[in-house]
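In: okay, predicted coordinates and the sequence, questions at the end:
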Amino acid sequence: MKNFKKYDRFNYYLALVFSGLVYPLINLLLAMVLKRLIDAGVARDIDALKYAIVACLLVCILLAAAVFISELTKNKFVNNFSKKYRKHIFDEIITSDLNEFNNNSIGDFLSTMTNTIATIEDKYIKAYFNVISNFALLLFSVVGMFIINWKLSIAVLIISLLPLVLMSLLGGKMQTKQRTVLQQQDDYVSQVKDAFSGFLVIKSFNIEKQISKEFQINNNKRADGELALAEFNNISISISNFSGYLVFLVAYGLGMFLVINGSTSIGGVTAIVQLVNFVVMPMSKLGLEINNKKAGGSAVKTLNQLLAKIHIPIKNNYPYLELNSFATDIKFVKVNFSYPQPGEKGKRVLSNINLQIEKGKKYALVGMSGSGKSTLLKLLMKYYKLEQNGSISIDNVNINKINLASLYKLINIVQQDVYLFDDTLAYNIKLGESFTDKELNDAINKSGLRKLVDSTPDGIEMNVGEEGKELSGGQKQRVSIARALIRKTPILLMDEATSALDQKNTTEIENAILEVADLTAIVVTHKLNPNLLKRYYAIIFMKEGTITEIGSFVDLMQQKGDLYNLCSLTMN
Ligand SMILES: Nc1ncnc2c1ncn2[C@@H]1O[C@H](COP(=O)(O)OP(=O)(O)OP(=O)(O)O)[C@@H](O)[C@H]1O
């Protein structure tokens, strides 16, 4: 963040030169020509007065132009920064580690993309320029004052330093309060998001009053925090204002003494008073802006902490590998797994899994609820980190070493819960990638979406609504299957991908998958249809985290083991 000028170097340097050099210099020039003008008037010198008026006018035009350019370049810089920085943070979040992303609430990310970034733009970036321009204005004005009369300048400066000292004493407290307010705003956004996302649950369980009460607590905390911060700001402004009045009193009072003494002219005092303006104003603003920058700094810190959490540093010594094709098999060797639980060791969910999945073959994964079927697939997708001893490999390359993007070009997973974007059906299948019409139509046919497409006037351009609310559960699952099929990844995992479909549709889709030559598929299913199960190369049966049987449907039924028992239970 220290190097934020990289977001638009051109406007950054222009803004810096105009607000930090050109403007204060012209401002100093104005005080000098003003001194000449007044001294010419006091001396009743008409020629000198005319000359001074023209000079004053020219300097005023230059001053206005300098202010215009400095504001314009500053705004352009902030605007470009905002565009690129928001994109950068969005990309950081979207490319974050999957597990770590899931460990944070979506509300935290939403709040980062709104409140935190807005605070950085408003307080950190704008305050940075304001600190520099106010400091430069102050410095040039002080130099001008010393040139005109150093005694008066010293007296004025001593009084002017007062608010700066007080502000820096208050700065630390301001930063803490700002951090608290940001946290309260985050909690507020998270809670609102939670309440709206869980609207159906709130309605079904009749808990509107309780949720409203919880909202009120967070809402009050947020508002009280903001009020406390505003009061604090108010105190800072009052101190600055009082010091400002005091400086004027000293400048005029002492200045007139010096005129009577003959140490300076009336023009000199007027020029000093003019310059004092540009000492007092920046001095009072400087205190506020320094505090703003500190508050913005704490937003930068909050954001960096979040980014550090979601981007796990690569501790391994090996670089990630690209795996561009799938040639032989997937192997699970001595795989054990427990879900990570904060602060304690979680219950073992998979124990000593040894499994070989051969290229081009289709496997059905069957077992009681909670036996670990989904977990097995999630580990293959690298959703969770594997415990140290076991390994999962594709073509003998440990998946830990394979880069995620290249892994997902080989494997696609279709899950029970499907997320659809608020866009067209075609977009939700293609997800922004380009496919031919034929590929799109094939995927639509194989996933059983044809009937839906043909029955709506907009066809594949129909809008599926927010989170796909225009579609039924089964239609959403078909979209998800079409997404996977169109990509033609060599390995397909289906985790109860047809749970919302009836037997006829499930059979159609599973048949379509079984017919894709070369496709390696692992299909988790609860619907035990013998005609379908017979078509799988093998059935993998899982029980309490272990694989108890592997074999063809006919062989396993003859063995009369776990599959036989489960089939007898569900088919009778
Ligand atoms: N994110 C999680 N955190 C902690 N425990 C989990 C998590 N997900 C699953 N589990 C536990 O792991 C075990 C295996 O779950 P898994 O979902 O893999 O089983 P499954 O065979 O796919 O079940 P189902 O057929 O009901 O989908 C269960 O005891 C479950 O409670």
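Out: Received it, and whenever you're ready, just let me know what you need. Here the structure is a predicted model, which is why all the values come from computation and not from measurement. Numbering: from 1, shown residues only.
In: where does pLDDT dip in the stretch 51-200 of the chain?
Out: Within the stretch 51-200 of the chain, the segments meeting pLDDT under 70 span 164.
In: count the neighbours of the residue of it found nearest the ligand for me.
Out: Relative to the ligand, the nearest point of the stretch 51-200 of the chain is N102 (8.4 Å; Cβ to the nearest ligand atom). All C-beta atoms are positioned from the backbone trio N, CA, C, and that covers glycine. A count of nearby residues for N102, using other Cβ atoms under 10 Å, gives 13.
In: then F140?
Out: Neighbour tally, F140, other Cβ under 10 Å: 24.
In: after whatever helix or strand it lives in, which helix or strand is next?
Out: Counting by DSSP states H and E, the element that carries F140 is helix 126-148. Remark: after helix 126-148, the chain's next helix or strand is helix 150-197, criterion DSSP H and E.
In: report all helices and strands that that following helix contacts.
Out: helix 106-111, helix 126-148, helix 208-261, helix 266-310 (3 or more Cβ pairs under 8 Å, 6 or more residues apart in numbering; DSSP states H and E).
In: output the ones you listed in TSV, with distance to the ligand appended to each entry.
Out: Conversion of the helices and strands packed on helix 150-197 to TSV gives the following (distance: least, Cβ to the nearest ligand atom, whole Å):
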stretch	distance to the ligand
helix 106-111	16
helix 126-148	43
helix 208-261	25
helix 266-310	18
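In: out of those helices, flag the one nearest M494.
Out: Across the helices and strands packed on helix 150-197, M494 has its closest neighbour in helix 106-111 (26.3 Å, Cβ to Cβ).
In: picking up where we left off before, now the helix holding F140 - C-alpha only, CSV.
Out: Presented in CSV, the C-alpha positions along helix 126-148 are these (Å, rounded to 0.1, in the frame of the first residue of the first chain):
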residue,chain,number,x,y,z
LYS,A,126,-7.1,11.9,0.1
ALA,A,127,-5.5,12.6,3.4
TYR,A,128,-2.1,11.8,2.0
PHE,A,129,-2.4,14.6,-0.6
ASN,A,130,-4.0,16.9,1.8
VAL,A,131,-1.2,16.4,4.3
ILE,A,132,1.4,17.2,1.6
SER,A,133,-0.4,20.2,0.2
ASN,A,134,-1.2,21.7,3.6
PHE,A,135,2.4,21.2,4.8
ALA,A,136,3.8,22.8,1.6
LEU,A,137,1.4,25.7,1.9
LEU,A,138,2.4,26.2,5.5
LEU,A,139,6.1,26.0,4.8
PHE,A,140,6.0,28.5,1.9
SER,A,141,3.8,30.9,3.9
VAL,A,142,6.2,30.7,6.9
VAL,A,143,9.2,31.5,4.6
GLY,A,144,7.3,34.4,3.2
MET,A,145,6.4,35.7,6.7
PHE,A,146,10.1,35.5,7.8
ILE,A,147,11.1,37.4,4.7
ILE,A,148,8.6,40.2,5.6
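In: quick one: buried residues of it?
Out: 126-138, 140-142, 144-146, 148 (16 or more other Cβ atoms under 10 Å).
In: skipping adjacent residues, who's closest to G551 in space?
Out: The spatial neighbour of G551 that comes closest, neighbours along the chain excluded (Cβ to Cβ, 6 or more residues apart in numbering), is A538 at 6.0 Å.
In: what about the stretch 301-450 of the chain, any weak spots by pLDDT?
Out: 312-319, 341-345.
In: number of residues surrounding the closest residue to I237 other than its chain neighbours?
Out: The shortest distance from I237 to any non-neighbouring residue, by Cβ to Cβ, 6+ apart, is to L288 (7.3 Å). A total of 20 residues lie near L288 under the criterion other Cβ under 10 Å.
In: cool, and N11?
Out: Applying other Cβ under 10 Å, we find 20 residues neighbouring N11.
In: which stretch of helix or strand covers it?
Out: helix 9-17.
In: give the buried residues for that helix.
Out: 11-12, 14-16.
In: between it and helix 126-148, how big is the angle?
Out: 30 degrees (axes from the mean of the first three to the mean of the last three Cα atoms, to 10 degrees).
In: what sits up against whichever helix or strand comes after helix 9-17?
Out: Counting by DSSP H and E, the next helix or strand C-terminal to helix 9-17 is helix 23-42. Residues outside helix 23-42 that contact it (Cβ atoms under 8 Å, 6 or more residues apart in numbering): 48-49, 51-53, 55-56, 59-60, 62-63, 66-67, 70, 133, 136-137, 139-141, 143-144, 148, 265-268, 270-271, 274-275, 278.
In: helix 23-42: what's the following helix or strand?
Out: Per DSSP H and E, the first helix or strand lying C-terminal to helix 23-42 is helix 46-94.
In: other SSEs contacting whatever helix or strand comes next after that following helix?
Out: For helix 46-94, the following helix or strand on the C-terminal side (DSSP H and E) is helix 98-103. When contacts are defined as 3+ Cβ pairs under 8 Å, 6+ apart, helix 98-103 sits against helix 266-310.
In: and the helix it packs on, what other elements does it pack with?
Out: Applying 3+ Cβ pairs under 8 Å, 6+ apart, one finds that helix 266-310 makes contact with helix 23-42, helix 46-94, helix 98-103, helix 117-119, helix 126-148, helix 150-197, helix 208-261.
In: please identify which of these is closest to Q477.
Out: The closest of the helices and strands packed on helix 266-310 to Q477 is helix 150-197. By Cβ to Cβ, the value is 20.8 Å.
In: the closest one versus helix 126-148: what angle between them?
Out: Going by the same axes, to 10 degrees, helix 150-197 makes 170 degrees with helix 126-148.
In: offset the numbering so it begins at 829, please.
Out: Yes, from this point I'll number from 829; that puts the last item at helix 978-1025.
In: buried residues, whatever helix or strand comes next after helix 978-1025. List them.
Out: With elements assigned by DSSP H and E, the helix or strand that comes after helix 978-1025 is helix 1027-1032. Neighbour-count burial for helix 1027-1032, counted by 16+ other Cβ under 10 Å, picks out I1030.
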